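In: Need a 3D model of the sequence below.
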Amino acid sequence: MGEHLPAALLEACVVVGASSEKLRELYLSCLESPVSNGSPVSLEPEVLHILAPPFVSRLHTDTDPVRLHGRRRRSFIRKKREHLSSTASPAAAQGRAGVEQRGSEDVSVPEDIDLVALPQLCFPGGLQVSSEPREEQFHFLVFTDVFGNKTFSVVMQCFKAISDDLSQNSNQNGTGYPKMFSAFSFCVISKYPFFTALKDSLSCFLPQLRTCRLSDLEDRVKDFTAKLALVPAPPPGHLHLMFTLRPLTITLPSGEDRDSPTVDLQLHLPLLCFRPQQLLQVLSCLLQEQRVVLFSADWARLTLVAECLLLFLWPLSWQHPYVPVLSRSMLDFLMAPTAFLMGCHISHYEEVASETDDLVLINLDNGSVSTSCSETLDLPDIPVSAAECFTQRCQSLHTQFDLSQCHRASSTDINEHRAQRRTWQHNLNHGIQRISLELIVNIFRDVCSHLNYEHRVFNSEEFLKTREPNEQLFYTKVLETHIFHSFLKDRLNKKMDNFAKMELSTRSETQKMKAKVELPRRPTMQEIQERRRSSVTELQLKRQGMSLPNLGDHNLLSLPRNSLLHKITTDQALKTSPKPPKMFKLPDFPASLSFHSIQSYYMELVQQLNKAIFSVQHENSALLARFYYLRGLINTLCSRRLDALSDFQSLCKTDMAIFPTALVTWLVDSLHRDERQQADRRPELKRLILKVKTENEKTSDPGKDHVKKFELPKKPLCLEEFVRCVQECGIVKDVATIHRLFDALTDDVSKQVDPDLFRDFYMFWKETEAEAQHVNLPSDVIEQLDNSECVFKLSSCVKTSHGVGKIAMTQKRLFLLPEGRAHFLEITKFRDIQEVKVSSAPFLLLRIPSLCIKCSSRPEVFEANLKTETELWNLVVKEMWTGRKMADQHKDPQYMNQALTNVLLMDAVVGSLQTQKSILAASKLAYLDKLKLEVPMEVPQVTSETLKHKINPSQHLSEPQSVHVLLYTPGQLTSADSGEMNPKLWVALSGGRVVVFDATTWSILHDCIMVGEAQLNCMLGLVQEQVWMGSVDSVIYIIDTHSMSCNKQLTEHRHEVTGLTVDTREHKSQVTYSCSCDGTILLWDSLSLKVKRQFYLSCSRLSSIQIHDGSLWCGCVDSIVELKKSGIPQRRIVLPDDVRSCSFSCFLVMIEQGQLWTGCSDLGDLFVFSIKSRRSSKRIPLSGSSGVSCMIQVKNQIWVGCRTDREAQWRSQVLVLDSDTHAVNKELQAHTDSTQTLCSAEGRYVLSGSARADGRIAIWKVE
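Out: This next block holds a predicted model:
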């Protein structure tokens, strides 16, 4: 149980000091020969007491609420006694008899506490006995096991008088005898880094320690420890817990989310120890995994600063040995050959520096950073642009609390003052975390551009090529570290942590544009202009002796090379202030710690949670989830297993992100027979138990821990290996295109690509890509091109009909760069081309091949003597011409993108083959030029006039996916806080993948929101910033439109969810209906997400549901049924007898006309029924249709998605019918595969989605 149950605030409390025997011996020796100078005496520290839960027990331990806190334990006293009895003399054993009688109870010890090293760490400077008392001191410890799990500890050292206790035990009067004070350490251990909270707790306990006698020490510590063991750790989120330990009110902060660390310390401590430049040096050493040693005269400072440094690196996680406090006897740890982060007392500085090589020595007391072999640090620095941005941010921080309180009245209450300080510290910590996260984002932003997610490959060589020369050494070292490898795993797993969120939110417009289009990297005209302006600015600054940090506009901070990739985040990304956390105060601790008192304490806590749940159940679902979590945890501690499962089940409807899978699994496995029977009678618990068992049966994916570096192949590549290799190196992702490339690089015999040929192809591709980054165009030329244009191909200097020069190709046009002149001469735009052919021009006795281009914008034919390049340019221009014509005709820019990819592949094939057959091989990639013979170039006029645009939701995937559901949500559905009020188009693809488009620009906002793993059947947008999605796996998933994450689930259905609808008449209550294929219909309160009513419809398969005029209309395979709100069938409509074997696929209810329109999946006709008579009043034949898949009403039109014959060039069509005359007004040739779904965008557009062979979404204008 212990390994599944989240730990409480306290794991254990250990008292360390000198044994009573040694103190007695020392005391007696002082009586015989007093020490004249009063110098302290050092003793060996030992573990005196270990106090760990459980502290109370009852006869039937199975229902013991506190015992559930316990971990697997070993006996401490028995083990200690056996050791002492085997080594001690008989006289010493006899002297311990009294002690053993008092402490003979067996004490259990948490298994992960190292009792051997703990005494030395509690007294890193040694245990001393002196004649004078000393001030109490605190320091902090961190223990790390072999799996990287951390345990945290706060140690308080205090001196207690021992002479009185020893004199009484020796039957002597203590009057007149010398006073002796011995140091004792009280080590409070926790699974969480609550450094401030535990320090405050020990400070509250200190007055009792000062007054108690040694004989009462164990009882006092046990009472203190037992109270802390009652305090639960807060769940992730903005809910902090508070408890009172007089005289202080102590706060337990929570992590921002499940992946964020808990911060309970002052993050600005490193900024007080170092200047920003030195702090960056320290962070650079950690990123490069050096052997780092911290030094300070204050033991407490070592751990706190070390923890802050590691938090500055988050989300990168330190993977090596981490011992922030080393005692004198542990200095040999510094001889370890691996990387580490350790801390020593400043008194050991010279010794360590002189005896150990290759250490980074960091003095926290004076802020110096050096190495053990020299006084200067010879390690590569963090990249300049990121470092300067970090320095500026740090200088803007306000790290002095007193300055912020100058205008406030003096606080007369200590807890009020502490609350003010806590709020200030929370805001400062948040600002520092944002600044440090910005630093990590600026350093590693471009890593994601060199990842292949499908094959989990990082192309480090290509990444390094994009770095500045002075950054190369830094990145070379960092890319080989374990800390970076772990970071790569998270990126390849598409972890949506704060790094990913900030990286997305701070992308430049150019970065956003390139992320949306799967094209090879080429600089746009806008980038070239920005790069030149940046270079001029830097040159001016160098001449004036200025530095970049003095610039007022942070947006100018960019590097001259590849400024797109190195763009620094703006201030806007850091202006978000933290939301004030919610506070929940725990009940006061019971006066006694009996079993019944603790039960009463838990009952009071549950009552408080009940009130909190009631107060926020309709307001804040995230906060409600945290209260459910806490109540489930307390019910678990009290062995109310069914209540605990019910609470955790409620997380499905509030916030699945904090669902404790391991704990719930343990609860399910520990249910008794009678409890299991009760759970089976409760549908929600039965569903939860089934879900847990199903999840446990799934095997974990080992690929999620795999990261591969790209390497060129060394063996011949078959087709499958070739596809993988091309995708890994990032050349192209589309599988069909790679297949054509494979045919181009192979002959008809071997059907394998030689590894040397692949290497030549890859190198030519990358060299061409690198050359394009440095294309040098005159400024006049750049000004005449569009900002988004890129130069994709440039010829050698050739003779043309317009003079001598170089021919350049962008995605829009061909133009000539005349030799010796900074001039621009447009040859033609691709859409204006009328004819392209190869001819020959006479030259002396030879005929030189030339390329002739005829266009509509010029009367004369353009001719270029391209010599050996002629045939390649002929293929290139024809492919681009065809791509532009098809893109214009089909209103689909993907054709142009495909043409560009094909052209670049042709160029690389010719450049790598260098044979006479290279042109023939390249011609195999002229896909669109051949496709125009198969797909009609001329789209029917009606289709062309109605079609506005086509978009591809699968553009980031290697193969197209079927579009199963479309949903348009208006702008007001998006949270006003997000700043994105544009309407959205939600697209459900196969396997639970959801793609979201901006419905104003039709660009992709989110290319992958995973909603389960099964196909989605239906979607519904609600005004509470929610989108509901019904899945084949019987779950309704709820997307939060603010965070764009799926954090809620409705699991009441038992079968495939097929339909969702909302009663728009009840706008405030938002009554929502859902149905599943077995005929179950649920009525939901969309605010509380509770089922208000449930009824069942007897049918073969319930496929959809609609609500009209207060009645439910249910689409079944064999009938259309109208239900009253009570669930009673009112009408049942079936097909005529001659087509009764056909199946309904869709229906429309038109209340005003009194009509019901229906379509069948296997019949090319529509049936219009009279609602009152329930009979078919008209049968509308649809010419060329073999079945109807979907149907919607827009204004006075009926839009119908139909399938056509397999032999037809267009395998689907969209028909537009007049709802009054029933006439077909338009026949739209939609897709090359069946139309799967239709949706309306506010009556202005209709969108149709197609099946996998096409995979496109067509946007149609509505007249």
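In: any chance you could map the strands in the stretch 501-650 of the chain?
Out: For the stretch 501-650 of the chain, applying DSSP state E, counting those that start in this stretch gives strands covering 582-585.
In: Under the pLDDT cut-off, which ranges of it? List them.
Out: Applying pLDDT under 70 to the stretch 501-650 of the chain flags the ranges 509-520, 534-576.
In: switch the cut-off to 50
Out: For the stretch 501-650 of the chain, the stretches flagged by pLDDT under 50 are 538-567, 570, 573.
In: Just the helices from it, written as ranges.
Out: Along the stretch 501-650 of the chain, counting by DSSP state H, counting those that start in this stretch, helices occupy 509-516, 525-544, 595-616, 621-637, 641-654.
In: Include mean neighbour count and distance to Q834 when you put those helices into CSV, please.
Out: (Each C-beta comes from the backbone N, C-alpha and C, glycine too.) CSV is the format used below for these (neighbours: other Cβ atoms under 10 Å; distance: least, Cβ to Cβ, whole Å):
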stretch, mean neighbour count, distance to Q834
helix 509-516, 16, 31
helix 525-544, 15, 27
helix 595-616, 16, 69
helix 621-637, 24, 62
helix 641-654, 22, 63
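In: Reformat those helices into a markdown table and put distance to A744 next to each item.
Out: Output for those, formatted as a markdown table (distance: least, Cβ to Cβ, whole Å):
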| stretch | distance to A744 |
| --- | --- |
| helix 509-516 | 27 |
| helix 525-544 | 31 |
| helix 595-616 | 63 |
| helix 621-637 | 54 |
| helix 641-654 | 52 |
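In: so which of those helices gets nearest E720?
Out: helix 509-516 (28.6 Å; Cβ to Cβ).
In: which ones are touching the closest residue to V1262 other than its chain neighbours?
Out: Leaving aside its sequence neighbours, V1262 sits nearest to V1194 (Cβ to Cβ, 6 or more residues apart in numbering; 5.4 Å). Taking Cβ atoms under 8 Å, 6 or more residues apart in numbering, we find V1194 in contact with 1240, 1243, 1246, 1262.
In: what mean pLDDT would you report for stretch 1153-1173?
Out: For stretch 1153-1173, the mean pLDDT works out to 87.
In: chain center to it, what's the gap?
Out: Its chain's C-alpha centre and that of stretch 1153-1173 lie 47 Å apart, by Cα atoms, centre = their mean, to the nearest Å.
In: quick one on the thing from earlier: who wins for most neighbours among the contacts of V1194?
Out: V1246 (26 neighbours; other Cβ atoms under 10 Å).
In: and it, what helix or strand is that in?
Out: Element membership of V1246 [criterion: DSSP states H and E] is strand 1245-1250.
In: Extract the C-alpha trace of that strand and format it as PDB.
Out: This file holds the C-alpha atoms of strand 1245-1250, laid out as PDB (Å, rounded to 0.1, in the frame of the first residue of the first chain):
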ATOM      1  CA  TYR A1245     -20.000  28.200 -45.500                       C
ATOM      2  CA  VAL A1246     -20.500  24.400 -45.600                       C
ATOM      3  CA  LEU A1247     -17.600  22.100 -44.900                       C
ATOM      4  CA  SER A1248     -17.300  18.600 -46.200                       C
ATOM      5  CA  GLY A1249     -14.800  16.000 -45.000                       C
ATOM      6  CA  SER A1250     -13.700  13.000 -47.000                       C
END
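In: That strand pairs with which strands?
Out: Strand pairing for strand 1245-1250, determined by DSSP bridges: strand 1235-1241 (antiparallel), strand 1257-1261 (antiparallel).
In: and those strands as CSV, adding distance to L663 and mean pLDDT?
Out: Listed next are the strands paired with strand 1245-1250 as CSV, based on distance: least, Cβ to Cβ, whole Å; pLDDT from 0 to 100:
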stretch, distance to L663, mean pLDDT
strand 1235-1241, 40, 92
strand 1257-1261, 43, 93
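In: F474: which of those is closest?
Out: When these are compared by Cβ to Cβ, strand 1257-1261 sits nearest F474, at 44.2 Å.
In: With just CA atoms, put the closest one into PDB.
Out: What follows is strand 1257-1261, C-alpha atoms only, in PDB (Å, rounded to 0.1, in the frame of the first residue of the first chain):
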ATOM      1  CA  ILE A1257     -11.800  19.200 -46.200                       C
ATOM      2  CA  ALA A1258     -13.700  21.300 -48.800                       C
ATOM      3  CA  ILE A1259     -15.000  24.700 -47.900                       C
ATOM      4  CA  TRP A1260     -18.100  25.700 -49.900                       C
ATOM      5  CA  LYS A1261     -19.700  29.100 -50.200                       C
END
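In: And the contacts of V1194, which is the shakiest by pLDDT?
Out: G1243 (87).
In: Name the helix or strand for that residue, please.
Out: Using DSSP H and E, G1243 falls outside every helix and strand.
In: Now it: phi and psi?
Out: phi 80, psi 0 (degrees, to the nearest 10).
In: returning to what we had before: go through the helices of the stretch 501-650 of the chain and name the closest to G1255.
Out: helix 509-516 (16.7 Å).
In: Nearest to Q773 among the contacts of V1194?
Out: Of the contacts of V1194, the one sitting nearest to Q773 (Cβ to Cβ) turns out to be V1246, at 42.6 Å.
In: Return the distance of that closest one relative to I1192.
Out: The gap separating V1246 from I1192 is 7 Å, by Cβ to Cβ, to the nearest Å.
In: which neighbours do the two share?
Out: In contact with both V1246 and I1192: 1199, 1238-1240, using Cβ under 8 Å, 6+ apart.
In: Grab the two from those residues that are most spread out in space.
Out: So for the shared contacts of V1246 and I1192, where distance means Cβ to Cβ, the most widely separated pair is W1199 and C1239, at 9.7 Å.
In: got any residues that touch both of those two?
Out: Joint contacts of W1199 and C1239 (Cβ under 8 Å, 6+ apart) are 1192, 1246.
In: hang on, the earlier thing: which strand residues bridge the residue nearest to V1262?
Out: With DSSP bridges as the rule, V1194 is bridged to Q1197.
In: Which parts of the stretch 101-250 of the chain are helices?
Out: Using DSSP H, counting those that start in this stretch, helices in the stretch 101-250 of the chain cover 118-122, 163-169, 195-211, 217-228.
In: elements contacting the shortest one?
Out: Using 3 or more Cβ pairs under 8 Å, 6 or more residues apart in numbering; DSSP states H and E as the contact criterion, the secondary-structure elements in contact with helix 118-122 are strand 12-17, strand 46-51, strand 150-161, strand 181-190.
In: go on, the third one?
Out: Helix 195-211 sits against strand 137-144, strand 150-161, strand 181-190, helix 217-228, strand 239-245, strand 248-252, helix 299-313, with contacts defined as 3+ Cβ pairs under 8 Å, 6+ apart.
In: can you tell me which of these comes nearest to D647?
Out: strand 239-245 (15.0 Å).
In: re the thing from before, redo the strands paired with strand 1245-1250 as a markdown table? Include distance to C852.
Out: Shown next, in a markdown table, are the strands paired with strand 1245-1250 (distance: least, Cβ to Cβ, whole Å):
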| stretch | distance to C852 |
| --- | --- |
| strand 1235-1241 | 43 |
| strand 1257-1261 | 37 |
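In: Any idea which of those strands gets closest to I782?
Out: Distance to I782, taken as Cβ to Cβ, is lowest for strand 1257-1261 among these, at 32.9 Å.
In: Can you mark which positions in that closest one are buried?
Out: With burial defined by 16 or more other Cβ atoms under 10 Å, the residues of strand 1257-1261 counted as buried are 1257-1260.
In: which of the residues you listed lies closest to V838?
Out: Nearest member of those to V838, counting by Cβ to Cβ, is A1258, at 37.0 Å.
In: which residues are contacting the helix or strand where D1165 lies?
Out: D1165 belongs to strand 1163-1170 when assigned by DSSP H and E. With contact meaning Cβ under 8 Å, 6+ apart, strand 1163-1170 is reached by 1120, 1133, 1135-1136, 1139, 1142, 1154-1160, 1175-1182, 1184-1188, 1191, 1200, 1202, 1217, 1222.
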